[in-house]
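Undergrad: Here is my input; please provide its structure:
(2 chains)
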Number of protein chains: 2
Amino acid sequence: MSEVHAARRSRLRARHASTGPETALVSRPANVRYLAGPAPAGAVLLVGESGDDILFGHWDPAGAPEVPRPAGDSGLRGVALDGHVDPVVAAAAQAERAGVAALAVEEHHLTVARHRAVATEFPRLRLTDLGCAVEQQRLVKDEDEIAALRSAAEITDRALGELLESILVGRTERHLALELERRLVDHGADGPAFPTSVATGSHSGVAGHRPTDRRVEEGDFLTVRLGARYRGYRCQIGRTFVIGTSPATWQIELYEVVFAAQRAARETLAPGAEYRAVDLAAREVLTAAGHGAALGPGTGHGVGLEIGEDPQLAPAATGRLGPCVPVTVEPGVHLPGRGGVRIDDTLVVRSAADGGPELLTITTKELLAL
Amino acid sequence: MSEVHAARRSRLRARHASTGPETALVSRPANVRYLAGPAPAGAVLLVGESGDDILFGHWDPAGAPEVPRPAGDSGLRGVALDGHVDPVVAAAAQAERAGVAALAVEEHHLTVARHRAVATEFPRLRLTDLGCAVEQQRLVKDEDEIAALRSAAEITDRALGELLESILVGRTERHLALELERRLVDHGADGPAFPTSVATGSHSGVAGHRPTDRRVEEGDFLTVRLGARYRGYRCQIGRTFVIGTSPATWQIELYEVVFAAQRAARETLAPGAEYRAVDLAAREVLTAAGHGAALGPGTGHGVGLEIGEDPQLAPAATGRLGPCVPVTVEPGVHLPGRGGVRIDDTLVVRSAADGGPELLTITTKELLAL
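TA: Model (predicted):
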């Protein structure tokens, strides 16, 4: 893997070539992991002009075995710091010693206080803004990353499938969520990609519902949203089921309209499609059915090392999808006091010549009565 | 509870009285929760000069039932924002409209980019630094907070006690960690206070060990570190056991020295004790036994709404403990290739007249052979 990370750092350096000589100080955790592999919490990465890159972090003196310190292979070495040293300050000190002209920091991640500490301690360093250069680079995934997402989705589908085979009535949202998370790990996940949401009855369809002690009852809608984290990569699936043998008419109708909205949005996924067009496709179907007021701010988002990364598929988003960009498509409607429906998939944008969007989360989207 | 939060905001305002007229913009999540109660992710709080406080956040349009929007009782109202509006910008806009003289922001939490966005959009607002005023206020806990920590510790002891009654040999670190987290929730926790660490054999005693697929074997040291989160409050316990009937001599000796170090540090806990003196008490015992080089950066830390809050009990820390400050005492030693011992307690500093330090995590610290 270390060659993959070296190649990613080279691409970041190639950007520097167009901005003038610049050393980058990368502090946002997912960006550090993208460019350097697993690192201790809080580690920061100095990407030099020449390819001599350094990771500064707090490795446990006893050595946590799962995070080895880079030894200099592939142009990356690790510097272990004492507990009280801020890695950002250590990296800036190194940059000053090396006489770099400009140090580009992640102003969208660095706090005002840390930025000021560096500016005060190293007045000769000219601090510039790296902006979201690494996030932009992370947007399009390579095949290694897509393979990790595919594995994450397989694990997720398996955990969900097992849950559907068990008895659900009478169990609480909390227990179902914990069981799903245990099954994710059983099947090889590093852990959940985000807190698992299980919502039943009047809670169903609420976007960020946190599981409560409410028990599953006959006639409920049951919304489940989960994802595995695998080698750092996070996917997302959401499904809504009905408990009991015969769904009510309003449940069938609501499910059908959300399903139609989700399918409409999925069908727009193609290289060149505007982010907002994906959202609009779902939004139009739901608005036409009278659910426009209840909609959330967006219909989906990128996934990768973070669960809510760019692009945002929302009305105000500007930009166009490219190939090999994985996104969620996840419209939903909640009717206060009654419940609602969410259907979330993770897909990878592919051209028609490559077979169109690749669906990673393959659990059925038929309305299952459990 | 809303009166408790109102009283906390009044204390923050009292600080302002000494700094001149100032409105505070609180953005750090634990600080927002401390001053306003549960709020949606990313919500920020404007604490005015007069007591008309406003929480800005993204409440789900369908209304996540567990986080109600404040209606104006106790001087706090909630303003629900559209999905794309940054709550920091919304709060700054309100401050400018209200004609505030100075807006004190949390420079240690706000990013450079958000700070600049506010400065650019509202040039008439004078931005100052609130610093760690709220964190300082959070250091000493009121009895409501200590009661929540006490409940968190009871839940944690119960989950750990149940695990000790089960068969451990042959089970993986990952499964034991998941089972502990499930038991925490079974007993009423909101969730784990931090990722549960289970370390066996050569992993035992590693500070931040993440559970692996290694199975518990006869003769192993087994280090378990967990905590419940209850009403937002987080406690921590760590214990080390030996698997099998007869511990080896090196295990008994290592356990005894870590136990002696932990007791020495606990015995220093009193109002007026220097932070560094607590650390030193443990460090001296371990250094005298030849384990000085393997020690981590500190011996404990405050707990509350966050797991690693102030004070830090470390060699370079300055300050003195006060009454009603809950801290962990958690020395540990790891011998590479062999394993190690960690013993963590959560205690509340109390004066001798009040009975001395209150031990919240009461699971025995005898070396149990399981």
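Undergrad: I figured residue A:69 was touching residue A:78, is that so?
TA: Yes: applying Cβ atoms under 8 Å, one finds residue A:69 in contact with residue A:78, separated by 3.8 Å. From N, CA and C alone the C-beta is placed, and that goes for glycine too.
Undergrad: Residues that sit against both of the two, list them.
TA: Common contacts of residue A:69 and residue A:78 (Cβ atoms under 8 Å, 6 or more residues apart in numbering or on different chains): A:55, A:59.
Undergrad: so how far does stretch A:184-203 reach from one end to the other?
TA: The first residue of stretch A:184-203 is 23 Å away from its last residue (Cα to Cα, to the nearest Å).
Undergrad: what is the mean pLDDT for that stretch?
TA: Mean pLDDT, computed over stretch A:184-203, is 93.
Undergrad: Stretch A:297-312 now?
TA: 94.
Undergrad: Retrieve the pLDDT associated with residue A:1.
TA: 62.
Undergrad: elements contacting the host helix or strand of residue A:46?
TA: Using DSSP states H and E, the element containing residue A:46 is strand A:44-47. Packing partners of strand A:44-47 (3 or more Cβ pairs under 8 Å, 6 or more residues apart in numbering or on different chains; DSSP states H and E): helix A:2-19, strand A:23-26, helix A:29-36, strand A:53-57, helix A:87-97.
Undergrad: same thing but 10 Å
TA: helix A:2-19, strand A:23-26, helix A:29-36, strand A:53-57, strand A:76-80, helix A:87-97, strand A:102-105 (3 or more Cβ pairs under 10 Å, 6 or more residues apart in numbering or on different chains; DSSP states H and E).
Undergrad: Quick check: which of those is buried the most?
TA: strand A:23-26 (a mean of 27; mean count of other Cβ atoms under 10 Å in any protein chain shown).
Undergrad: returning to what we had before: so how far is the strand holding residue A:46 off the chain centroid?
TA: Averaging C-alpha positions (Cα atoms, centre = their mean, to the nearest Å) puts strand A:44-47 22 Å from its chain's average.
Undergrad: quick one: strands adjacent to that strand?
TA: Sheet pairing of strand A:44-47 (DSSP bridges) gives strand A:23-26 (antiparallel), strand A:53-57 (antiparallel).
Undergrad: near chain B, which residues of the stretch 251-370 of chain A?
TA: Within the stretch 251-370 of chain A, the residues that sit near chain B (Cβ under 10 Å from any Cβ of the partner chain) are A:293-298, A:312, A:314-317, A:332-336, A:340.
Undergrad: So which bits of stretch A:331-346 are buried?
TA: A:331-335, A:339-346 (16 or more other Cβ atoms under 10 Å in any protein chain shown).
Undergrad: Which residue ranges of the stretch 51-200 of chain A form strands?
TA: A:53-57, A:76-80, A:102-105, A:126-129, A:191-192, A:197-200 (DSSP state E, counting those that start in this stretch).
Undergrad: Show me what the third one packs onto, helices and strands only.
TA: Using 3+ Cβ pairs under 10 Å, 6+ apart as the contact criterion, the secondary-structure elements in contact with strand A:102-105 are helix A:2-19, strand A:23-26, strand A:44-47, helix A:87-97, helix A:112-121, strand A:126-129.
Undergrad: Could you export those to a markdown table, including columns for distance to residue B:101?
TA: What follows is these, written out as a markdown table (distance: least, Cβ to Cβ, whole Å):
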| stretch | distance to residue B:101 |
| --- | --- |
| helix A:2-19 | 39 |
| strand A:23-26 | 35 |
| strand A:44-47 | 37 |
| helix A:87-97 | 32 |
| helix A:112-121 | 20 |
| strand A:126-129 | 29 |
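Undergrad: any idea which helix or strand carries the residue nearest to the spatial centre of chain A?
TA: Centroid-nearest residue in chain A, with Cα atoms, centre = their mean: residue A:307, separated by 1.8 Å. Following DSSP H and E, one finds residue A:307 outside all helices and strands.
Undergrad: wait, it sits on residue A:328?
TA: Yes: if you go by Cβ atoms under 10 Å, residue A:307 and residue A:328 touch, sitting 8.6 Å apart.
Undergrad: sorry, back to before: where among the helices and strands packed on strand A:44-47 is average confidence lowest?
TA: helix A:2-19 (a mean of 86).
Undergrad: quick one, what contacts the residue nearest to the centre of chain A?
TA: Residue A:307 makes contact with A:192-194, A:227, A:229, A:233-236, A:301, A:328, according to Cβ atoms under 10 Å, 6 or more residues apart in numbering or on different chains.
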